[in-house]
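Model the following, please.
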Amino acid sequence: MGTTSRLLIGIFIGLLLGLLFGWVIRPVEYIDTAPEALRDDFRSDYVLMVAEAYLVDRDLELARYRLASLGSHPPLNYTIDAIDFGVENDFNQIDLQTLNQLAVDLRSIPPAPEIGLQ
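Take a look at the predicted model:
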């Protein structure tokens, strides 16, 4: 057996053992991951779920609270991003209308005053 074939067999066995260890023996486990770490598609689904819940309970403060868990941007920004994602990815009309209703209602709230040092 030549040096090249031994090298290839070693690489193959190393890859096989690495995959076995990473996927079977000690796979990555995500626990208590922050919502702001969600991918765009999952974040849009989350915003849609918040919008659907809002459509039922009409509690705008609760919807704002839930959207605030996505990060430091205003809740309206996350809703607009979800609408844009939904349009680009062919969400159905009912879902887009639900998101739009939440965005309209979020726009009706006056922005919080800026607190600055003088």
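
where along the protein do the helices fall?
3-20, 40-57, 60-68, 75-88, 93-107 (DSSP state H).

got any ranges where this protein has weak pLDDT?
Confidence mapping of the chain against pLDDT under 70 gives the ranges 111-118.

Now with 80, please.
1, 28-36, 109-118 (pLDDT under 80).

Format the helices of the chain as a markdown table; extra columns: distance to residue 26 and mean neighbour count.
Using the backbone N, CA and C atoms, a C-beta is placed for each residue, glycine as well. Output for these, formatted as a markdown table (distance: least, C-beta to C-beta, whole Å; neighbours: other C-beta atoms under 10 Å):
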| stretch | distance to residue 26 | mean neighbour count |
| --- | --- | --- |
| helix 3-20 | 10 | 10 |
| helix 40-57 | 25 | 17 |
| helix 60-68 | 34 | 16 |
| helix 75-88 | 34 | 19 |
| helix 93-107 | 39 | 17 |
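
Minimum distance to residue 32: which of those helices has it?
Among the helices of the chain, the nearest to residue 32 by C-beta to C-beta is helix 40-57 (15.6 Å).

which residues are contacting that closest one?
With C-beta atoms under 8 Å, 6 or more residues apart in numbering as the test, helix 40-57 has contacts from 35, 38, 60, 62-63, 66-67, 70, 78-79, 81-82, 85-86, 89, 91, 95, 98-99, 101-102, 105.

what does stretch 72-85 give?
40-41, 43-44, 47-48, 51, 63-64, 67-68, 70-71, 91, 96, 99-100, 102-103, 106-107, 111.

before we move on, back to that, rebuild the helices of the chain as JSON lines, extending it with distance to residue 27.
Formatted as JSON lines, the helices of the chain follow (distance: least, C-beta to C-beta, whole Å):
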{"stretch": "helix 3-20", "distance to residue 27": "11"}
{"stretch": "helix 40-57", "distance to residue 27": "20"}
{"stretch": "helix 60-68", "distance to residue 27": "30"}
{"stretch": "helix 75-88", "distance to residue 27": "29"}
{"stretch": "helix 93-107", "distance to residue 27": "33"}
